[in-house]
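In: only geometry, no sequence info:
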């Protein structure tokens with residue numbers, strides 16, 4: 001194939017005129033076949049009686065093309081269509097080490113490239129008869145897998161003879177498959193105060209990138225998702241081989257957050273079986289709030305209390321027994337609430353003329369504390385002083401020893417009633 005080339009060789013032999021000579025080729029020299037022997041006769045001529053034996057050797061030749069095919073569920077995605085793929089193409093004759101051509105070729109999905117001569121762009125490389133060509137993909141462009149129909153000398157496409165008038169077209173097909181799978185973000189809530197966060201929503205930001213062509217192709221960039229402990233976030237249709245990680249932008253008031261995959265250096269690799277997951281754990285610590293009762297100059301009680309607590313997420317739903325309870329003088333109740341909750345203790349149904357004061361662990365003495373270890377509210381009831389005349393006007397006042405002023409009225413009424421009964425019994429004795 002191509003233009004003819006004339007090769008001449010002088011035979012240093014002196015023969016007599018009239019001699020008949022037969023000339024035969026002993027080697028094809030890479031031609032398709034060995035031509036038949038040629039017989040010539042030595043005659044007198046103007047060329048010093050020199051005659052020429054002419055042979056025609058036909059050489060078949062071919063070109064090599066490489067086609068790139070994209071397959072898989074992600075074949076139509078930008079990360080596949082925009083990827084570059086690098087293939088090392090090699091052709092050898094006789095054995096793999098007898099290389100006649102070797103070059104790296106870069107092409108994109110759907111492209112077909114015919115190898116060209118570096119020194120003559122636009123002109124194809126001509127491969128000699130017997131060439132075997134194969135390829136090796138050195139950059140798969142982030143594909144899940146690849147298949148080259150000839151990847152060694154043994155199974156290479158071969159340049160055969162018999163078509164010296166036309167170029168043979170050898171072709172290799174490289175198929176890159178982009179599979180897809182899902183990635184899951186799971187939420188776990190733990191800690192002593194985890195019950196207070198039941199049903200709470202959290203916000204996470206998911207980032208995924210696909211390593212390809214020596215860089216990283218963004219797939220998702222801090223994409224926000226709302227997640228709960230009962231409903232994980234599932235992101236479908238990600239390329240297998242993508243690397244994903246998570247940041248939590250709203251921890252829902254958690255004391256601490258643990259991210260299993262929190263950045264490129266600690267990312268999750270999306271596997272083809274769809275089991276890749278990242279665990280986000282939120283810990284809600286608790287602390288005790290102790291409410292104590294002290295009474296000065298009054299009855300032991302019991303007295304009624306209500307407690308309310310809030311966090312940045314809103315009201316804390318306390319158990320009914322913790323939201324409202326009763327205490328006697330000297331008694332206390334311990335409540336387990338979220339660490340950092342702002343709680344307020346209120347005494348209800350306060351007796352008339354009784355002064356209520358607070359002794360708080362934060363020294364504000366207002367019945368309000370931010371709960372931390374050692375948090376305490378002491379509710380003190382101080383009853384008014386009562387004088388000998390009952391109205392406190394004689395200057396010899398004594399502290400009351402039993403609840404509101406009506407307590408003295410009831411006690412006096414009881415004593416009068418008791419005395420009346422005793423008098424009746426004494427009058428009946430003489431009879």
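Out: Done, it's in. Since this is a predicted model, take the numbers as computed values, not measurements.

In: what stretches of the stretch 51-200 of the chain score poorly on pLDDT?
Out: 55-60, 161-165 (pLDDT under 70).

In: again, only using 80
Out: In the predicted model of the stretch 51-200 of the chain, residues 53-61, 161-167 satisfy pLDDT under 80.

In: residue 353 and residue 384 touch, don't they?
Out: Yes: here residue 353 reaches residue 384: they are 4.9 Å apart, a contact under CB atoms under 8 Å. Just so you know, the C-beta spots here come from the backbone N, C-alpha and C atoms, and that holds for glycine as well.

In: burial measure for residue 359, as a count.
Out: Here the number of neighbours of residue 359 (other CB atoms under 10 Å) works out to 14.

In: which one is it nearest to, not counting chain neighbours?
Out: Closest residue to residue 359 apart from its sequence neighbours, by CB to CB, 6 or more residues apart in numbering: residue 378 at 4.0 Å.

In: just the pLDDT for that neighbour.
Out: Residue 378 is assigned 97 on the pLDDT scale.

In: distance check, it against residue 294.
Out: Going from residue 378 to residue 294 by CB to CB, to the nearest Å gives 6 Å.

In: give me the more crowded residue out of residue 353 and residue 384.
Out: The neighbour comparison of residue 353 against residue 384 (other CB under 10 Å) goes to residue 384, with 17 against 11.

In: got phi/psi on the more buried one?
Out: For residue 384, the backbone dihedrals (degrees, to the nearest 10) come out as phi -70, psi 160.

In: would you agree it is in contact with residue 351?
Out: No: the criterion here is CB under 8 Å, and residue 384 misses it with residue 351 at 10.0 Å.

In: pairing partners for the one helix or strand residue 379 maps to, with directions?
Out: Here residue 379 sits within strand 375-382, counting by DSSP states H and E. Strand pairing for strand 375-382, determined by DSSP bridges: strand 286-296 (parallel), strand 355-360 (antiparallel).

In: highest average neighbour count across those?
Out: Compared across the strands paired with strand 375-382, strand 286-296 shows the largest average neighbour count, a mean of 19 (mean count of other CB atoms under 10 Å).

In: off-centre distance for that strand?
Out: Relative to its chain's centre, strand 286-296 lies at 46 Å (CA atoms, centre = their mean, to the nearest Å).

In: what does it contact?
Out: Around strand 286-296, the neighbours that count as contacts under CB atoms under 8 Å, 6 or more residues apart in numbering are 191-193, 301, 303, 305, 307, 309, 327-340, 343, 345, 369, 371-373, 375-383, 399.

In: among those, the buried ones, what's the PyMOL command?
Out: If you want just the buried ones from the contacts of strand 286-296 in PyMOL, going by 16 or more other CB atoms under 10 Å, the selection is:
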select buried, resi 191+192+193+301+303+305+307+309+327+329+331+333+335+336+337+338+339+340+343+345+369+371+375+376+377+378+379+380+381+382+383
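
In: measure residue 315 to residue 338 for me?
Out: Taking CB to CB, one finds residue 315 at 11 Å from residue 338.

In: report the set of residues contacting both of those two.
Out: In contact with both residue 315 and residue 338: residue 309, using CB under 8 Å, 6+ apart.

In: got the residue ranges for the helices in the stretch 251-400 of the chain?
Out: 320-323 (DSSP state H, counting those that start in this stretch).

In: where does it dip in pLDDT?
Out: In the stretch 251-400 of the chain, residues with pLDDT under 80: 386-400.

In: switch to 90 and redo it
Out: Low-confidence segments of the stretch 251-400 of the chain (pLDDT under 90): 274, 301, 351-352, 385-400.

In: and residue 103, what is it in contact with?
Out: If you count contacts by CB under 8 Å, 6+ apart, residue 103 has them with 88-89, 115, 118.

In: can I get these in TSV including neighbour count?
Out: Shown next, in TSV, are the contacts of residue 103 (neighbours: other CB atoms under 10 Å):
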residue	neighbour count
88	14
89	21
115	20
118	8
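
In: the stretch 301-431 of the chain: strands as residue ranges?
Out: Per DSSP state E, counting those that start in this stretch, the stretch 301-431 of the chain carries strands over the ranges 303-311, 314-315, 324-327, 332-338, 342-348, 355-360, 368-370, 375-382, 385-386, 398-399.

In: neighbouring strands - and their directions - for the fourth one?
Out: Each strand that pairs with strand 332-338, with its direction, by DSSP bridges: strand 286-296 (antiparallel).

In: okay, the angle between the partner strand and strand 342-348?
Out: If you take axes from the mean of the first three to the mean of the last three CA atoms, to 10 degrees, strand 286-296 sits at 30 degrees to strand 342-348.
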